[in-house]
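Colleague: Next input, structure requested:
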Amino acid sequence: MVAGVRVGEHESHGWDREHLRKFLSKQLILRGGFHSPLGLVSLIAAFRQILGVLEMKSHPAATALGIFISSLAHVFSASGNLNAQEVTGAIHEQIAGVSCDDIPAGQKRPEFGCTNIATETQLKFTESDVYWHLQTFPSRAAAEARKSKTGIVVEEDGRVWLSEFGPRDLIVTGGQPITIVGPLKLPLAASYTAVLSYAVMRPGDRSRVHTHPGPEGWYMIVGEQCLETPAGATKAKAGETMTVPPNVPMQLSITGTALRKSLVLVIHDSARPRGTPSQWKPVGACDK
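Modeller: Residues are numbered from 1 along each chain as shown. So this is what the prediction gives:
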């Protein structure tokens, strides 16, 4: 029994998206129907707890449940049955299991989530510590004219960004310096791949529990986040940076009350995938 909803072990193992949809609809009706804000808030609160149980078991239905609850609340908010404050309070944990994904050319990028926007392969570094130098430029042409062979130019959040990688005292000129992220501690590898991502996530959204075969760094454009690892919780807000060493299990949570936008960098061993799921279980350090 979770939050007043009985869930059998045999039943939870059989859940898929359609099963969840029917089950949620049934529970909503039992709690007052489609025109009852209190019924919806009660339903979402109950399924937030169920979502936590599924995540602890690494159940494949967890992501589907998180996305469906978020969609359900969005529909009711748009219809006027719930105001924004009620929705935010009810679905503080909106989407679980977020990962940074490649979006095929021509396919629309999701409104929320994490998208890989640029990749630089076969990088070589002479030092075990590397720094991510981030600048903005007035135009893409200006940034392209200044970038090195391994630099990355992207356009996100209404700005043109140039990323360069090297020692802390690397000289990068011509743009507006934003920050230096690091040190990013590299594992031994014959070559490295740098993957730059752009993430837009809502308060309560969480990443999947995962590891990277290389360091990860963040530059926070707006919002707040908390990263839980076996060492504890680390937090960052707009204008700040964060890093994590290679092969550390982690889960990222979006905190505060504002939308969080960030640039995310992973530099990993080119012979290994960017990231993999982890069986490590977070203890909720970011919720304290």
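Colleague: From here on, just use CA atoms for contacts and neighbour counts.
Modeller: Fine.
Colleague: so is the closest residue in space to residue 100 that isn't next to it in sequence in a helix, a strand, or just coil?
Modeller: Nearest non-adjacent residue to residue 100, counting by C-alpha to C-alpha, 6 or more residues apart in numbering: residue 114, 4.4 Å away. Classification of residue 114 using DSSP: H, G, I helix; E, B strand; the rest coil returns strand.
Colleague: check contacts around residue 114.
Modeller: Shown in contact with residue 114 (C-alpha atoms under 8 Å, 6 or more residues apart in numbering): 98, 99, 100, 101, 197, 198, 199, 200, 201.
Colleague: Any idea how many residues pack against the fourth one?
Modeller: Using other C-alpha atoms under 10 Å as the criterion, residue 101 is surrounded by 13 other residues.
Colleague: Who are the contact partners of residue 268?
Modeller: Taking C-alpha under 8 Å, 6+ apart as the test, what residue 268 contacts is 186, 187, 192, 193, 194, 212, 213, 214, 215, 274.
Colleague: Next step: those restricted to strands.
Modeller: 192, 193, 194 (DSSP state E).
Colleague: Between these, identify the one with the most neighbours.
Modeller: Per-residue neighbour counts (other C-alpha under 10 Å) across these peak at residue 194, which has 25 neighbours.
Colleague: just checking, it touches residue 266?
Modeller: Yes - with contact defined as C-alpha atoms under 8 Å, residue 194 reaches residue 266; the gap is 5.8 Å.
Colleague: element containing residue 144?
Modeller: helix 140-146 (DSSP states H and E).
Colleague: On the strand side of things, show who the residue nearest to residue 100 bridges to.
Modeller: Beta-bridge partners for residue 114, by DSSP bridges, are residue 100, residue 199.
Colleague: Residue 126: what secondary structure?
Modeller: Three-state call for residue 126 (three-state DSSP): coil.
Colleague: Can you get me a residue count around it?
Modeller: Count around residue 126 with other C-alpha under 10 Å applied: 8.
Colleague: next one: phi and psi at it?
Modeller: phi -90, psi -20 (degrees, to the nearest 10).
Colleague: Distance check, it against residue 276.
Modeller: 26 Å (C-alpha to C-alpha, to the nearest Å).
Colleague: Tell me where the model's unsure across the chain.
Modeller: 1-96 (pLDDT under 70).
Colleague: Which parts of the stretch 51-200 of the chain are helices?
Modeller: Taking DSSP state H, counting those that start in this stretch as the test, the helices found in the stretch 51-200 of the chain are 61-79, 84-90, 140-146.
Colleague: Report all helices and strands that the last one contacts.
Modeller: With contacts defined as 3 or more C-alpha pairs under 8 Å, 6 or more residues apart in numbering; DSSP states H and E, the secondary structure elements packing on helix 140-146 are strand 152-156, strand 159-166.
Colleague: how about these in CSV, adding distance to residue 236 and mean neighbour count?
Modeller: Formatted as CSV, the helices and strands packed on helix 140-146 follow (distance: least, C-alpha to C-alpha, whole Å; neighbours: other C-alpha atoms under 10 Å):
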stretch, distance to residue 236, mean neighbour count
strand 152-156, 20, 18
strand 159-166, 20, 21
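Colleague: Mind putting those strands into TSV with distance to residue 240?
Modeller: As requested, the helices and strands packed on helix 140-146 are exported to TSV (distance: least, C-alpha to C-alpha, whole Å):
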stretch	distance to residue 240
strand 152-156	18
strand 159-166	16
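Colleague: Show me the one of those strands that comes nearest residue 207.
Modeller: strand 152-156 (20.9 Å; C-alpha to C-alpha).
Colleague: Tell me what angle that closest one forms with strand 159-166.
Modeller: 150 degrees (axes from the mean of the first three to the mean of the last three C-alpha atoms, to 10 degrees).
Colleague: Go ahead and name everything in contact with strand 152-156.
Modeller: 117-120, 140, 143-144, 147, 160-164, 198.
Colleague: That strand - which strands sit beside it in the sheet, and in what orientation?
Modeller: Under the rule (DSSP bridges), strand 152-156 has strand 159-166 (antiparallel) as partners.
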